[in-house]
Every structure is written in C-alpha cells, then in structure tokens.
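A.B. asks: Sequence and predicted structure, then a few things I'm wondering about:
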Amino acid sequence: MAENLVELRDIVKEFPVKGGLLQREVATVRAVVDVDLDIRKGETIGLVGESGCGKTTLGRMLVRLLEPTSGVIRFDGEDITHVKGARLKPFRRRMQFIFQDPYGSLDPRTQVGDSIAEGLRLHGFDDKDERQERVAEMLELVGLKRAHAGRYPHEFSGGQRQRIGIARALILRPDLVIADEPVSALDVSVQAQVLNLLRELQGELGLTLLFIAHNLAVVEHISDRVAVMYLGSIVELTERDTLYANPQHPYTEALLSAIPIPDPSLRRRRIILEGDVPSPLRPPSGCTFHPRCPIAAAEVCPIETPGLLAVGDNGAHLAACHLRTGEHQHLNRALYTD
Ligand code: SF4
C-alpha cells in the first residue's frame, strides 16, 4: 500500500457566531468534528456531502487556507498544523486548490497567461522567458492553445475557464490538489470533459487528488476511495467499488438512490430523506443523522454518537452507524425503500 501523503487526526473546526449590537460571540458552530483521514500518495479521494456538511472547510484546512481549532495535519510526514509564514511556503507550493468558480478566481483585467504564471512569480521563478514557456506548456497540457495566454477570462467558455483554473493549480507541479466542486458550475456536457482531463492529468503527473463534490455520481469514475460527510463528520469511507456496490451508512444509501440509472429497464428505489440538514449550530444528539434516518433505533441512535468503525472484518470499509457496526448490530434492519 502506498505511503500517506496527508494524515488528518481529530480535526475540529469551530467558527464563532456573533450577535447583538456589540457583535459579541454568542455561540459556536462546529463545522468539522473529529475527522480522521489518510490520503495515500497518488490516490484520488472523493469527498461527498450536501452543502454545508463541512467538506470545503476540511479541504481548506488541509491546504492551510484555514487553521483547525484542534487536531493535527501531517503532510508528507511533517506536522504542518501550526506552521506559518516563510516556513509554510514550501508546503504551499506542493498543495494547490482548484475552485468551483474559475471566473471568480481569475482577475478579469489580467491576461490568463499572467494569472497562470502568478504562482511561478510568487515562488521565485524570476526568468520571464522560462515562465512564459512553462505557461505555454501548461496551456497545452490542459487542452488549450499557447496563444490563449494573451487573452482575457471573458473570452473563454465555462469549461475553458475551468481548464485555466486547473492550469493555475498545476503550474507549480504540486503533489496534492484539492478540487472543490470543480465541475458543478459547468454544463453537464462539459463536466465529463473536465473530469476526464483531471483523471488523465492525475495519472500523468502522479498527483494526489482530493475531489470535493455534493453528489456521488460526479466522483464515481474519478475516485479510488470515497468519503461521505454529514454535518461535519465522515460517516462512511471505503474503496470506490465497495461503496457503490455495498454502502453501509443509510445516508450513503440515500445519496446513491438519487443517482439516475441510464438503463430505463432498471429501476433503483429512491430513498427520500425527510427534513432538511439540521443546523450545525444545534446538531441533533447521538447520531446527528437520526432525525432523518429511516431506520433509526430509538433506544440508541438519539442517545449515543456512533464512531467510525470497521464494517465486518474488513478494515478498509468504515462506517459510523450503530446498526451496521459495533455492539448494536442486532438492531439492524434493511432500509425500507417503498
Ligand atoms: Fe441511522 Fe442510527 Fe445508523 Fe445513525 S446510527 S445512521 S440514526 S441507524
């Protein structure tokens, strides 16, 4: 098994909530709760969950755009949790972020060649000719033309702009790329092209990729493993094929049931979850999924918080559900689907 590039241990992120005339802190939101996650060198992990589940916050902490409230972040064996300033710079170069909205992250008055070269300038590539050559090569690598370097963002389509966003992220040849919903703002017809590009580049450049998405359909073909998040916690983590064939957490099952099947002769029973995602300001007691869970057991689910435990004897499949792992499995029942 490959070594870990990233190790997250007991990661918590809290944000203060301010209120009143004096804008005093009146409460705390726990956006990420006790997350443990290893990302192996060269693998792609899909991180999936509904909007507000903490997945973007987790990705931003990983590249140190945000500092965790507690916990440890190790990158290539080094503890970078509280590393700052000049000491952080070499790590920053090795980890890059692809944003959901490439247009928002590009300066409309700057030629895209200069935007792509920005990282090179910041990291001491002072030779202008070398920068231009690297930018031209990168444009070709992401399926654009060298001549595009002299154009402005508004001259490109959404899919092309995301290719520019990818070029910006890869120009420094990082080891780790966090792609935060990189295709969700694109037309469906363009999504597949950008996904294929990311997959090709990941293999060609040996990247380690954390791919954040709000639905399981998007990450299916690109991921080696998939982590599902709900209300700040990882509730299921396993190999891609295992997750899609044999999901264990009822939330994962509901997300999977929402993916349309292309073959009209096959029908997947849709699991409709009742209610909205609860506010992280007032998370439900016990298993935070219990108010929406179709198989919640009243004697345990609202009372005890389930740990992320191994399913069966296979340590490669983890789920946080009392009825599927641990001592309460005798309460297990199939998820009703009709
Ligand atoms: Fe549902 Fe209970 Fe499992 Fe939570 S622990 S997912 S409420 S069955």
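C.D. replies: Sure thing, it's come through. Numbers count the residues shown, from 1 in each chain.

A.B. asks: Give the pairing partners of whichever strand or helix holds residue 47; include direction for each.
C.D. replies: Residue 47 belongs to strand 44-48 when assigned by DSSP states H and E. In the sheet, strand 44-48 lines up against strand 208-213 (parallel), strand 225-230 (parallel) (DSSP bridges).

A.B. asks: Alongside the ligand, which residues does this structure contribute?
C.D. replies: Contact residues (C-beta under 6 Å from any ligand atom) of the chain with the ligand: 249-250, 287, 289-290, 293, 295-297, 301, 306, 321-323. C-betas here are computed from N, CA, C, even on glycine.

A.B. asks: run the last query once more with 5 Å
C.D. replies: Within the chain, the positions near the ligand by C-beta under 5 Å from any ligand atom are 250, 287, 289, 290, 293, 295, 296, 301, 306, 321, 322, 323.

A.B. asks: Tell me which two of the residues you listed sit farthest apart.
C.D. replies: Largest separation among those by C-beta to C-beta: 295 and 306, giving 12.9 Å.

A.B. asks: Counting neighbours, go ahead and name the busier of the two.
C.D. replies: Taking other C-beta atoms under 10 Å, residue 295 and residue 306 do not tie; residue 306 has more neighbours (24 against 17).

A.B. asks: Could you tell me the per-residue confidence at the spatially closest residue to residue 307 that is not a sequence neighbour?
C.D. replies: Of all residues not flanking residue 307 in the chain, residue 320 sits nearest, at 6.3 Å (C-beta to C-beta, 6 or more residues apart in numbering). Per-residue confidence (pLDDT) for residue 320: 97.

A.B. asks: which ones are touching residue 57?
C.D. replies: Contact analysis of residue 57 by C-beta atoms under 8 Å, 6 or more residues apart in numbering lists 13, 31, 32, 66.

A.B. asks: Please identify the helix or strand for it.
C.D. replies: Going by DSSP H and E, residue 57 is part of helix 55-62.

A.B. asks: so what's the residue of the stretch 51-200 of the chain at minimum distance from the ligand closest to, chain neighbours aside?
C.D. replies: Closest residue of the stretch 51-200 of the chain to the ligand, C-beta to the nearest ligand atom: residue 53 (14.5 Å). Nearest non-adjacent residue to residue 53, counting by C-beta to C-beta, 6+ apart: residue 229, 4.5 Å away.

A.B. asks: Hmm, residue 51 and that neighbour touching each other?
C.D. replies: No: look at residue 229 against residue 51 with C-beta atoms under 8 Å: they stay out of range, at 11.1 Å.

A.B. asks: Show me which of the two is the more surrounded one.
C.D. replies: residue 229 (24 against 9).

A.B. asks: can the strands paired with strand 44-48 go into a markdown table with extra columns for distance to residue 120?
C.D. replies: Below are those laid out as a markdown table (distance: least, C-beta to C-beta, whole Å):
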| stretch | distance to residue 120 |
| --- | --- |
| strand 208-213 | 21 |
| strand 225-230 | 32 |
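
A.B. asks: To residue 175, which of these lies closest?
C.D. replies: Per C-beta to C-beta, nearest to residue 175 of these: strand 208-213, 6.0 Å.

A.B. asks: Quick one: distance of the closest one to the chain centre.
C.D. replies: 5 Å (C-alpha atoms, centre = their mean, to the nearest Å).

A.B. asks: domain ranges for this protein?
C.D. replies: Using automatic domain parsing, the domains assigned to the chain come out as 41-67+83-245, 272-338.

A.B. asks: ok, and residue 102, which helix or strand is that part of?
C.D. replies: With DSSP H and E as criterion, residue 102 is part of no helix or strand.

A.B. asks: again with residue 192
C.D. replies: helix 188-205.

A.B. asks: ditto for residue 104
C.D. replies: Going by DSSP H and E, residue 104 is not in any helix or strand.

A.B. asks: what's the burial count for it?
C.D. replies: 11.

A.B. asks: cool, residue 182 as well?
C.D. replies: Neighbour tally, residue 182, other C-beta under 10 Å: 28.

A.B. asks: Also the one 10 residues further on?
C.D. replies: For residue 192, the number of neighbouring residues by other C-beta under 10 Å comes to 12.

A.B. asks: Kindly report the same for residue 291.
C.D. replies: Neighbours of residue 291 (other C-beta under 10 Å): 17.
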